[in-house]
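Student: could you look at this predicted model? Sequence included:
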Amino acid sequence: MLLNFELDIERDFENYYENANESEDHFSAQLCARCFPNYILKMIQGVSKEEARKNFFPLLQENYKKYASYLNQFLLDAKKSWEENEQNYLKRLEKITGKKFPFNKITVYLTTILICSYNVEEKWFHTSFLNQPLLSTHVCAHELMHFHFHFHYEKWIKEEIGEKKKEDLKEALTVLLNLEFGDMFFISFRDGGFPGHEKLREFITKRWKDHKNFDKLLKECVLYLKES
């Protein structure tokens, strides 16, 4: 299996700290107010990692012990749901893009906030305990689409439109999960995207329905973003 699901409190703490201290223009900063209670932000935001650990880690440990059975059951259920869809997802992604998925093993760490970070070089991403296991399958599909994008397309797209618009395109392309992968998810699950990406996602949807050629779609999106 491509994905290995793990519970790691250290990784979870890192996810809290890094997202609470992201720059204001980063995507996760837009989610921060919704994802972090104020009392947690006061413990970890704007302080050193060592101080944040001293302030917050004991509370996180306490919750890990209290909800241990739920955390472990979530991982089992999320893994089972993904296993049922993995091969179909990868085959479909490769068919749509015309490129082979570039990684053999990726670790999925459970986090206890709603922000799911990822690292392509280290080959890991988060899925959230605050969702439910079936939604984790959608999170996995979303993040693996990012991994595929970074490996095959990031370099030339960044050269054409810069870092910010490249990131906008990377996120907006996940609208294809609704168009081509919807049967893998529970009927009410939809990839909603980030605020500010609505017009780009509409453009992607229209152009994809017209020709379903991924390379052509990327070129059209790059031109669209150059002109916007």
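Tutor: Alright, I've got the coordinates.

Student: tell me how many other residues crowd the nearest residue to residue 204 once chain neighbours are set aside.
Tutor: Distance criterion C-beta to C-beta, 6 or more residues apart in numbering; nearest residue to residue 204, sequence neighbours excluded, is residue 175 at 5.4 Å. (Each C-beta comes from the backbone N, C-alpha and C, glycine too.) Per other C-beta atoms under 10 Å, the neighbour tally for residue 175 reads 22.

Student: is it true that residue 175 touches residue 192?
Tutor: No: counting by C-beta atoms under 8 Å, residue 175 stays clear of residue 192, with 9.1 Å between them.

Student: any figure for the gap between the residue at the greatest distance from the centre of the chain and residue 13?
Tutor: Within the chain, residue 54 marks the point farthest from the mean C-alpha position, 28.3 Å out by C-alpha atoms, centre = their mean. Noted for residue 54: a distance of 12 Å to residue 13, by C-beta to C-beta, to the nearest Å.

Student: likewise for residue 91?
Tutor: Separation of residue 91 from residue 13 (C-beta to C-beta): 36 Å.

Student: the two - which one has more neighbours?
Tutor: Under the criterion of other C-beta under 10 Å, the comparison of residue 91 against residue 13 puts residue 13 first, with 20 against 11.

Student: any idea how far residue 17 is from the residue farthest from the centre of the chain?
Tutor: For residue 54, the distance to residue 17 (C-beta to C-beta) stands at 12 Å.

Student: one more: residue 192?
Tutor: Distance from residue 192 to residue 17, counting by C-beta to C-beta: 26 Å.

Student: more crowded one of the two?
Tutor: Using other C-beta under 10 Å as the criterion, residue 192 and residue 17 rank with residue 17 on top: 19 against 12.

Student: hang on, the more buried one packs against residue 50?
Tutor: No: Residue 17 lies out of contact with residue 50 (C-beta under 8 Å); the separation is 10.4 Å.

Student: can you mark which positions in the host helix or strand of residue 199 are buried?
Tutor: Assigned by DSSP states H and E, residue 199 belongs to helix 198-211. Buried residues in helix 198-211, counted by 16 or more other C-beta atoms under 10 Å: 200, 201, 203, 204, 207, 208.

Student: and for stretch 218-227?
Tutor: 218, 220, 221, 222, 224, 225.

Student: sec struct for the closest residue to residue 44 other than its chain neighbours, please.
Tutor: Spatial nearest neighbour of residue 44, chain neighbours left out: residue 52 (4.0 Å); criterion: C-beta to C-beta, 6+ apart. Here residue 52 is recorded as helix under DSSP: H, G, I helix; E, B strand; the rest coil.

Student: okay, now residue 52: neighbour count?
Tutor: 20.

Student: model confidence for it, exactly?
Tutor: Residue 52 carries a pLDDT score of 98 in this model.

Student: ok, the one 4 residues further on next?
Tutor: For residue 56, the pLDDT comes out at 98.

Student: that one: neighbour count?
Tutor: 21.

Student: same question, the one 5 residues further on
Tutor: Burial measure for residue 61: 12 neighbouring residues, criterion other C-beta under 10 Å.

Student: which SSE is it in?
Tutor: Here residue 61 sits within helix 49-66, counting by DSSP H and E.

Student: for that helix, output the C-alpha coordinates as CSV.
Tutor: The C-alpha coordinates for helix 49-66 follow below in CSV (Å, rounded to 0.1, in the frame of the first residue of the first chain):
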residue,chain,number,x,y,z
LYS,A,49,9.0,26.5,19.9
GLU,A,50,10.5,25.6,23.3
GLU,A,51,8.1,28.0,25.1
ALA,A,52,5.2,26.7,23.1
ARG,A,53,6.1,23.1,24.0
LYS,A,54,6.3,24.0,27.7
ASN,A,55,3.0,25.8,27.6
PHE,A,56,1.0,23.4,25.4
PHE,A,57,2.5,19.9,25.1
PRO,A,58,1.3,18.7,28.5
LEU,A,59,-2.3,19.5,27.5
LEU,A,60,-1.8,17.7,24.2
GLN,A,61,-0.4,14.7,26.0
GLU,A,62,-3.3,14.7,28.4
ASN,A,63,-5.8,14.6,25.5
TYR,A,64,-3.9,11.9,23.7
LYS,A,65,-4.2,9.7,26.8
LYS,A,66,-7.8,10.5,27.3
